[in-house]
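Trainee: Pasted the sequence and its predicted model underneath.
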Amino acid sequence: MCLGIPGQIVAITDADRLMAMADVSGVRREVNVACIADGPLDGLLGSWALIHVGFAMSRIDEDEAARTLEALQGLGEAQETLEAMADGARALEGTQ
């Protein structure tokens, strides 16, 4: 099963590579925004998107993001994925 988790775009990290920082329930992760970029990347700041395997796959509104996170948390899948993302972020911090 493919799982897309809502994340909010909080910063553009590398415009040339179409990379941005997404906040997913307090965990920040760099993601590729090529699939949702439809103009200047600064226009994505504050936007919500479904994040899957390092890619922002589609834009969603804030209400849909909240409903999706609530449903995923109820299933327990979001917590496992967030823990894996946090583990990955910690591992990357250790290599820099």
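Mentor: Noted; the coordinates are in hand.
Trainee: what's the longest strand in this structure?
Mentor: The residue-count maximum for a strand in the chain (DSSP state E) belongs to strand 5-14.
Trainee: helices and strands around that strand, which ones?
Mentor: strand 19-24, strand 27-32, strand 48-52, strand 55-60, helix 62-75, helix 77-95 (3 or more CB pairs under 8 Å, 6 or more residues apart in numbering; DSSP states H and E). Heads up, the C-betas are built off the backbone N, CA and C, glycines and all.
Trainee: can I get those in TSV with mean neighbour count?
Mentor: Output for the helices and strands packed on strand 5-14, formatted as TSV (neighbours: other CB atoms under 10 Å):
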stretch	mean neighbour count
strand 19-24	20
strand 27-32	18
strand 48-52	22
strand 55-60	18
helix 62-75	13
helix 77-95	13
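Trainee: got TSV for the ones you listed, with mean pLDDT too?
Mentor: Formatted as TSV, these follow (pLDDT from 0 to 100):
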stretch	mean pLDDT
strand 19-24	96
strand 27-32	95
strand 48-52	95
strand 55-60	95
helix 62-75	86
helix 77-95	77
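Trainee: Out of the ones you listed, which is closest to Gly4?
Mentor: strand 48-52 (3.5 Å; CB to CB).
Trainee: Who does the closest one pair with, and is each partner parallel or antiparallel?
Mentor: strand 5-14 (antiparallel), strand 55-60 (antiparallel) (DSSP bridges).
Trainee: Looking at those strands, which is nearest to Gly26?
Mentor: Of all the strands paired with strand 48-52, strand 5-14 comes closest under CB to CB, at 10.4 Å.
Trainee: Pull the residues that contact the closest one.
Mentor: 19-25, 28-31, 33, 41-42, 44-52, 56, 60, 64-66, 68-69, 72, 78, 81-82 (CB atoms under 8 Å, 6 or more residues apart in numbering).
Trainee: try it again with 7 Å
Mentor: Applying CB atoms under 7 Å, 6 or more residues apart in numbering, the external contacts of strand 5-14 come out as 19-24, 30, 33, 41-42, 44-51, 60, 65, 68-69, 72, 78, 81.
Trainee: what inclination does it have with respect to helix 62-75?
Mentor: 120 degrees (axes from the mean of the first three to the mean of the last three CA atoms, to 10 degrees).
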